[in-house]
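Undergrad: Turn this into a model:
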Amino acid sequence: MLASHAMPSQARFFILLGALSAATSVALSAAAAHMPALQVAGAMLNTALAQQQFHALGLILVGLVLTRVQSLWLTASGALMLMGTVLFCLNLYARLIWGWDAARVAVPWGGSAFILSWLSLGLGAWLGNRRH
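TA: Take a look at the predicted model:
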């Protein structure tokens with residue numbers, strides 16, 4: 001019999017949120033195909049959807065790596081991907097769907113969070129289970 005290996009809660013958390021984010025991006029993409037206001041949004045909508053989809057897979061990747069390697073860098077990577085999704089993607093959706101432009105300044109911070117998330121993922125994988 002194989003020994004059971006409990007998946008760390010951080011891993012489950014990032015995999016779950018990655019899956020939910022991926023599902024949400026598909027639903028938003030389908031909705032956009034049927035909403036005339038979003039059909040003319042073009043590049044901004046495509047950018048938001050692409051970034052959400054890419055980073056949804058990134059969250060799942062972080063969760064899977066966390067099943068093998070425990071690292072604060074990996075946890076930071078997942079948190080930064082979530083932050084980037086909110087600051088970048090959600091902000092663009094709010095501008096397109098509701099015309100809400102109040103937090104426009106947050107978009108570059110979201111992009112920066114995405115960049116830092118990938119650097120953290122690489123560092124976490126490189127350092128492995130070493131003490132920080």
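Undergrad: Only C-alpha atoms from now on, for both contacts and neighbour counts.
TA: Noted.
Undergrad: Name the surrounding residues that touch stretch 95-112.
TA: Stretch 95-112 is contacted by residues 37-38, 41, 45, 83-89, 91-92, 94 when judged by Cα atoms under 8 Å, 6 or more residues apart in numbering.
Undergrad: tally of neighbours for residue 71?
TA: When neighbours are counted by other Cα atoms under 10 Å, residue 71 registers 22.
Undergrad: now the one 5 residues further on
TA: Using other Cα under 10 Å as the criterion, residue 76 is surrounded by 18 other residues.
Undergrad: Among the contacts of stretch 95-112, which pair sits farthest apart?
TA: 37 and 83 (26.8 Å; Cα to Cα).
Undergrad: Show the average pLDDT along the longest helix along the chain.
TA: If you go by DSSP state H, the chain has its longest helix at helix 9-34. Per-residue pLDDT over helix 9-34 has a mean of 94.
Undergrad: Would you mark the buried spots in it?
TA: For helix 9-34, a neighbour-count test (16 or more other Cα atoms under 10 Å) marks 10-12, 14-19, 21-22, 24-25, 29, 32 as buried.
Undergrad: Tell me how far that helix lies from the chain's centre.
TA: Using Cα atoms, centre = their mean, to the nearest Å, the distance from the centre of helix 9-34 to the centre of the chain it belongs to is 9 Å.
Undergrad: Quick check: which helices or strands does it pack against?
TA: helix 36-39, helix 43-66 (3 or more Cα pairs under 8 Å, 6 or more residues apart in numbering; DSSP states H and E).
Undergrad: For stretch 57-71, list every residue counted as buried.
TA: Buried residues in stretch 57-71, counted by 16+ other Cα under 10 Å: 57-67, 69-71.
Undergrad: Find the residue ranges of the chain scoring beneath the pLDDT cut-off.
TA: Within the chain, the stretches with pLDDT under 70 are 1-5, 37-40, 130-132.
Undergrad: one more time with 50
TA: 1-4, 132 (pLDDT under 50).
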